[in-house]
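Asker: I'd like to go over a predicted model; first the sequence, then the structure.
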Amino acid sequence: MKLYVPSSTRNVAYSGVLEDLRAAEHEITFNWRDPEFRWEMIDPRFQEWMSKQYAAVVRGPSLARAHYERIEQAIAECDACVLLLPAGTDAHGEAMMAAMMGKPVVVFFTAGVQRELVHCRFNATFVESTAEMLAALAAIHTANSRLPPIKQRIYDAVRRHPGITAEQLRCLVWADDPNGGPEDRKVLHVHISQLNDRLAARGIEVRASGGEYRVRAISRPGCASRPPNPRRGARSPQIKQEEPRP
């Protein structure tokens, strides 16, 4: 799988964990230590900046902005995030960004439990060893592989193109269909409804807001284990039941 691994610049376990992940045939979307960003690269006297100087750097073209954009792209491309602790504010913000994109988060305690309230938002798997981390990632990979083909295409399209519209989604999902997909436009919504029943166990769902679809974390208590709604799709068009991929 493609992974992003946020951590602290002072975390001595970082390089070894990346080696273990690569040995297990995982791909790291961006090693933020190569090259590592430091504020003094912009200005040796950065600690003397006032708010206006700081705002100009983070809002306009700068090394800081370019580094952040590389991180943002790496998170968008990853299949899962491994938050390697101990770590600070930036790493937790990056893990939160991954969670808000609907990416599974594995929190790896390498030096004892680091208590942070933001962990409540991740719906994460917590591990304390390399073996547990690799097992958690294997479970995520297995879960991701169980979606039927059409639902997998819907999930992949929304995950890779946050903000996609229903029409754009239809074009991607049924791109190989010479007829452009089902005539009934509601079929897409039925697939998404059924997809969300499957994604609920992962604590995520595909939802539209303002006509734009995104994968988002389920925030309501108990929703991650909600049973399928027997009334959902009662008036929706009938679609052929898909078989999960072997």
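Answerer: Now that the structure is in, tell me what you want to look at.
Asker: so who does residue 85 touch?
Answerer: When contacts are counted by CB atoms under 8 Å, 6 or more residues apart in numbering, residue 85 touches 7, 11, 107-111, 114. Glycine gets a C-beta too; all of them are placed from N, C-alpha and C.
Asker: What ranges does this structure have for its strands?
Answerer: Taking DSSP state E as the criterion, the chain carries its strands at 2-4, 27-28, 80-85, 105-109, 125-127, 204-209, 212-217.
Asker: Against residue 117, how distant is the residue nearest to the spatial centre of the chain?
Answerer: The residue lying closest to the centre of the chain (CA atoms, centre = their mean) is residue 103, at 2.2 Å. The spacing between residue 103 and residue 117, counted by CB to CB, to the nearest Å, is 20 Å.
Asker: Ok, residue 102 next?
Answerer: Counting by CB to CB, the gap between residue 102 and residue 117 amounts to 21 Å.
Asker: the more surrounded of the two?
Answerer: Neighbours of residue 102 and residue 117, each counted by other CB atoms under 10 Å, are more numerous for residue 102; the result is 22 against 6.
Asker: Report the contact partners of the residue nearest to the more buried one when sequence neighbours are not counted.
Answerer: Closest residue in space to residue 102, ignoring its immediate chain neighbours: residue 215 at 2.7 Å, by CB to CB, 6 or more residues apart in numbering. Residue 215 sits next to 101-102, 155, 158-159, 162, 204-206 when contact means CB under 8 Å, 6+ apart.
Asker: Repeat the analysis, applying 7 Å as the threshold.
Answerer: With CB atoms under 7 Å, 6 or more residues apart in numbering as the criterion, the residues that contact residue 215 are 101-102, 158-159, 204, 206.
Asker: try residue 158
Answerer: By CB under 7 Å, 6+ apart, the contact set of residue 158 is 164, 169, 206, 213-215.
Asker: where does this structure have low pLDDT?
Answerer: When residues are selected by pLDDT under 70, those of the chain lie in 201-203, 219-246.
Asker: Just the helices from it, written as ranges.
Answerer: Counting by DSSP state H, the chain has these helices, from start to end: 14-23, 51-59, 63-77, 89-100, 130-144, 149-160, 166-173, 186-199.
Asker: So which residues make contact with the fifth one?
Answerer: So the one you mean is helix 130-144. 1, 20, 24, 26, 79-80, 82, 104, 106, 108, 125, 127, 202.
Asker: How far does it sit from its chain's centre?
Answerer: 15 Å (CA atoms, centre = their mean, to the nearest Å).
Asker: buried sites along that helix?
Answerer: Residues of helix 130-144 classed as buried: 130, 133-134, 136-137, 140, 144 (neighbour count, 16 or more other CB atoms under 10 Å).
Asker: Now tabulate the strands of the chain in JSON lines and tack on distance to residue 71.
Answerer: Putting these into JSON lines (distance: least, CB to CB, whole Å) gives the following:
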{"stretch": "strand 2-4", "distance to residue 71": "8"}
{"stretch": "strand 27-28", "distance to residue 71": "12"}
{"stretch": "strand 80-85", "distance to residue 71": "11"}
{"stretch": "strand 105-109", "distance to residue 71": "15"}
{"stretch": "strand 125-127", "distance to residue 71": "22"}
{"stretch": "strand 204-209", "distance to residue 71": "21"}
{"stretch": "strand 212-217", "distance to residue 71": "19"}
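Asker: most tightly surrounded among those strands?
Answerer: With neighbours taken as mean count of other CB atoms under 10 Å, those reach their highest mean count in strand 80-85, at a mean of 25.
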